[in-house]
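[1] Build the 3D model from these lines:
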Amino acid sequence: MIKPCLRLSDNMKTGSRPTLRKSLQRIHLMIIIISMMISGISLSTLSLIALRNYAENNLQLLASTLSYTVQSAVVKGEGQVVQEALAEIGRRGCFAYGRVYDDHGQLLAGWQASPRPQQNRLEKLIAQWFFPQPVTMPILHHHNKIGQIWLVGNASQVIQYIYQILAWLMASLLLTATLASLLSRRMHAGILEALQSITSVTREVRQRRAFARRVPAADIAELHALSHDFNTLLAELDEWQSHMKQENDHLAHQASHDSLTGLPNRIAFEQTLAQAFADGAQRQQLALLFIDGDRFKQINDTWGHAAGDAIITATAERLRAQVRKTDMVARLGGDEFAILLRDITHPDQITRVVQHLMSAMEKPLILPDGQPIVWSLSIGAAMGKNARSAEGLLAQADAAMYHIKALGGGWYLSPLRQSQPQMEIF
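    As a prediction, the model looks like this:
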């Protein structure tokens, strides 16, 4: 049920969903843009308000200065002197229009700045917002009003200041956005590195069952805790897999081996025989011994099943000790055994093996009660090159064993029909 889901996940196109890196970058980009917009608008508004107050106060201060400067000239009615004073200050760009009236409201002097290039609509709006109306200041002499000053602010300098402020503000915001982007990328790298480590280990665990892999520690506390919990889970899965493997190996061993002797059972023996017989080169050098105990039922009936089990166990040990490691000894059931011999090219080799087996059985077996007993075997042999199938080879050896057992015991090589009870001579 799990594998199809994983396969479906593997087949999903990577472009159908954004990656975590792109998602984080998109979120932080939106945060940076919104933050810069709010900061830019706030700072621009505060700067314009502060600049407007500064311009108004500056124009008021300028009018007060002019009132004190032209006081004596207004008293004497010297319009030319007042005109020169207005022109001298006006040329510094402090105001656009300036007029001085006497105490009767008559124009005594006036000055106007040189015409500027035509302002665009935005600059006109800025000029109107900064200087919505002229600034007036009375000219006093001994606390008596002797005239009045009328000034209109010069928006050209203010607009230049605004452009400079906006340029500086944009540069500052751009630098801030760049630093924020770099810091966010660095933060993303730490997060993504930890998550990619977990993803990589997860993929290897899923594909190769590499439960021994571990995720390295992360610098971020939450990701470090996640890595620790993930490693703990992997350790539990590794332990569980090892336990399951041991259980499976144990069950597989039980399924293919005899519980009493520890030898391979009939199923394991027939599978090994079939695999070896399927190889043409091996088949030509195979030999099979089918072994059956003599008088086993009588021993069981006389001394009991414990004695029978002891004889079967001791017989298995002696048979295993007399063959090579490349040969296979199996218990087929009851008192029946089978031996698969490899690299047999001549019947004489079978003769030598059988001689060793029978010599090993000449030594008495000791029963659980300490009583010795001599137990003999009947052995039927067959060669792989004389059989057409693994089942046929086993049948030939089985028939040879029953043939020699009927003659009183010994061993017999199929398909030869010489019935010498103890050993076949070639």
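
[2] So which residues of the stretch 151-300 of the chain form strands?
    Here the stretch 151-300 of the chain has its strands, by DSSP state E, counting those that start in this stretch, at 287-293.

[3] all helices of it, in order?
    155-208, 221-256, 266-278, 280-283, 296-303 (DSSP state H, counting those that start in this stretch).

[4] Would you reformat those helices as a markdown table and include mean pLDDT, distance to Asp103 and mean neighbour count?
    Every residue, glycine included, has its C-beta placed from N, CA and C. As requested, the helices of the stretch 151-300 of the chain are arranged in a markdown table below (pLDDT from 0 to 100; distance: least, C-beta to C-beta, whole Å; neighbours: other C-beta atoms under 10 Å):
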| stretch | mean pLDDT | distance to Asp103 | mean neighbour count |
| --- | --- | --- | --- |
| helix 155-208 | 81 | 31 | 14 |
| helix 221-256 | 84 | 80 | 13 |
| helix 266-278 | 93 | 131 | 16 |
| helix 280-283 | 87 | 136 | 11 |
| helix 296-303 | 85 | 151 | 14 |
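
[5] Relative to Pro347, which of those helices is closest?
    helix 280-283 (16.3 Å; C-beta to C-beta).

[6] how near is the residue positioned nearest the centre of the chain to Gly408?
    Nearest to the mean C-alpha position of the chain, counting by C-alpha atoms, centre = their mean, stands Thr199 at 1.1 Å. Distance of Thr199 to Gly408, computed by C-beta to C-beta, to the nearest Å: 75 Å.

[7] The closest residue to Thr176 other than its chain neighbours is in what secondary structure piece?
    With C-beta to C-beta, 6 or more residues apart in numbering as the criterion, Thr176 has its nearest non-adjacent residue at 7.1 Å, and that residue is Met36. In this structure, Met36 sits in helix 20-69 according to DSSP states H and E.

[8] list the helices and strands that helix packs on?
    helix 79-90, strand 95-102, helix 121-130, strand 135-141, strand 144-153, helix 155-208 (3 or more C-beta pairs under 8 Å, 6 or more residues apart in numbering; DSSP states H and E).

[9] now do 7 Å
    Applying 3 or more C-beta pairs under 7 Å, 6 or more residues apart in numbering; DSSP states H and E, one finds that helix 20-69 contacts helix 79-90, strand 135-141, strand 144-153, helix 155-208.

[10] got those as a markdown table, with distance to Asp335 columns?
    Formatted as a markdown table, those follow (distance: least, C-beta to C-beta, whole Å):
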| stretch | distance to Asp335 |
| --- | --- |
| helix 79-90 | 133 |
| strand 135-141 | 129 |
| strand 144-153 | 125 |
| helix 155-208 | 47 |
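
[11] quick one on the thing from earlier: ok now the helix holding Met36, how far from the chain's centre?
    Centroid separation for helix 20-69 versus its chain: 47 Å, with C-alpha atoms, centre = their mean, to the nearest Å.

[12] So for that helix, mean pLDDT?
    Helix 20-69 comes out with an average pLDDT of 82.

[13] In PDB, list the C-alpha atoms belonging to the next helix or strand after that helix.
    Once the chain leaves helix 20-69, the next helix or strand it forms, by DSSP H and E, is helix 71-76. Output in PDB follows, covering the C-alpha atoms of helix 71-76 (Å, rounded to 0.1, in the frame of the first residue of the first chain):
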ATOM      1  CA  GLN A  71      13.400 100.100   8.600                       C
ATOM      2  CA  SER A  72      15.400 103.400   8.300                       C
ATOM      3  CA  ALA A  73      15.100 103.500   4.500                       C
ATOM      4  CA  VAL A  74      11.300 103.300   4.800                       C
ATOM      5  CA  VAL A  75      11.200 106.000   7.400                       C
ATOM      6  CA  LYS A  76      13.200 108.300   5.100                       C
END
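
[14] What lies in contact with helix 71-76?
    Val81, Val82, Val100, Asp102, Leu108, Ile139, His141, Ile146, Gly147 (C-beta atoms under 7 Å, 6 or more residues apart in numbering).

[15] Can you tell me which of those residues has the most neighbours?
    Most neighbours among the contacts of helix 71-76, by other C-beta atoms under 10 Å: Val82, with 29 neighbours.

[16] so what's that residue up against?
    Val70, Ala73, Val74, Val100, Leu108, Ala109.

[17] Just the pLDDT at the closest residue to Thr69 other than its chain neighbours, thanks.
    Distances taken as C-beta to C-beta, 6+ apart put Ala85 closest to Thr69, at 5.4 Å, once the chain neighbours are dropped. We have a pLDDT of 85 for Ala85.

[18] ok, Ala85 touching Val70?
    Yes: Ala85 is within contact range of Val70, at 5.3 Å (criterion: C-beta atoms under 7 Å).

[19] For those two, work out which one has more neighbours and name it.
    Set Ala85 next to Val70 and count neighbours by other C-beta under 10 Å: Val70 wins out with 24 against 19.

[20] and the gap between that one and Glu78?
    For Val70 relative to Glu78 (C-beta to C-beta), the value is 9 Å.

[21] ok, now Lys22?
    From Lys22 to Glu78 the distance is 77 Å (C-beta to C-beta).

[22] These two: who's more crowded?
    Shown here are Lys22 and Glu78; by other C-beta under 10 Å, Glu78 has more neighbours (15 against 10).
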